[in-house]
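> I'll drop the sequence and a predicted model, then ask my questions.
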Amino acid sequence: MKLRLSGRAIAVIAAAGVLGVAAGVAAHLLFPGTAQPAALPLPELHGQATWPAGKRPAPAFVLRDVLSGSRTAAPAQGRATLITFLDSRCRELCPLVGRSIGDLQRALPADARPTVLIVSVDPTGDTAASVRSAARRWRLEPGWHWLSGSHSQLAAVWHEYGIVVRPTTNDIVHGAAVYLVDRSGDERAGYLTPLLPNFMALDVRHIAAESSS
């Protein structure tokens, strides 16, 4: 099951949470002497979708690094990896995601930071110059790679990760999910905007602790 976290899905999740809270309040008001059920345990990870270790291998792919020109395989084996899908010339959604990833990097020690793989959604517009400019604006720390390829190569990756990309006259409308992949290459969490970098940093620490135990 791929991550398909649309706005409708988030609305359903939010609505379920509101209804659950309302039901709990109503029970307390109507039946004050009734024992309340035990609190549910907090989730180990904080994505809108999460998966146990070993259950969901991240789709593998090989694309070209826009800056170095070298072929880069993903996910990065042996390291926690963030995989996301951005446009270096975007001025609305992508900067929000990019800056959040930069904040996440700075929330962790340099040796604990995940590898960041950014897959292009605009192979024509994402040049070395535009990518460097975006990285400066978003304050990305070292350890990121901007990957591109032919449209057909990228479309295959977008499809595998559930990312819809629709070029329009003046923009590219696309999904902006971020996936956290553990050191074994398994997807563990999927995040949608607005991202919470501190919680994502906790998740990176969590899966690192798993692999060292």
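Looks like it came in fine.

> residues in contact with the helix or strand that contains Leu96?
Assigning secondary structure by DSSP states H and E places Leu96 in helix 93-106. Helix 93-106 is contacted by residues 82, 84, 86-88, 113, 116, 134-135, 137-141, 143-144, 176, 178, 193-198, 200-201, 204 when judged by CB atoms under 8 Å, 6 or more residues apart in numbering. Any C-beta I mention is one placed from the backbone N, CA and C, and that applies to glycine too.

> Quick check: bridge partners of the residue nearest the centre of the chain?
Central residue check for the chain by CA atoms, centre = their mean: the C-alpha nearest the mean position is that of Val178, 1.3 Å away. Applying DSSP bridges to Val178 yields these beta-bridge partners: Thr84, Tyr191.

> Mind pulling up the pLDDT for it?
At Val178, the model reports a pLDDT of 97.

> Also Gly190?
Gly190 is given a pLDDT of 97.

> What separation is there between it and Ala135?
23 Å (CB to CB, to the nearest Å).

> And for Ala53?
Distance, Ala53 to Ala135, by CB to CB: 31 Å.

> cool, Ala60 as well?
With the distance defined as CB to CB, Ala60 ends up 25 Å from Ala135.

> One more: Gly102?
From Gly102 over to Ala135 the distance is 9 Å, taken as CB to CB.

> As CSV, could you dump the C-alpha coordinates of the helix holding Leu96?
Below are the C-alpha coordinates for helix 93-106, written out as CSV (Å, rounded to 0.1, in the frame of the first residue of the first chain):
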residue,chain,number,x,y,z
LEU,A,93,4.8,24.9,-1.3
CYS,A,94,8.4,23.7,-2.0
PRO,A,95,10.1,26.4,0.0
LEU,A,96,8.0,25.4,3.0
VAL,A,97,9.1,21.7,2.7
GLY,A,98,12.7,22.7,2.0
ARG,A,99,13.0,25.0,4.9
SER,A,100,11.4,22.4,7.2
ILE,A,101,14.0,19.8,6.1
GLY,A,102,16.8,22.3,6.8
ASP,A,103,15.3,22.9,10.3
LEU,A,104,15.2,19.1,10.8
GLN,A,105,18.9,18.8,9.8
ARG,A,106,19.9,21.5,12.3
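
> buried residues in that helix?
Taking 16 or more other CB atoms under 10 Å as the neighbour-count basis, helix 93-106 is seen to contain the buried residues Leu93, Cys94, Val97, Gly98, Arg99, Ser100, Ile101, Gly102, Asp103, Leu104, Gln105.

> Stretch 123-143 now?
Taking 16+ other CB under 10 Å as the basis for neighbour counts, the residues of stretch 123-143 that come out buried are Pro123, Asp126, Ser130, Val131, Ala134, Ala135, Trp138, Leu140, Glu141.
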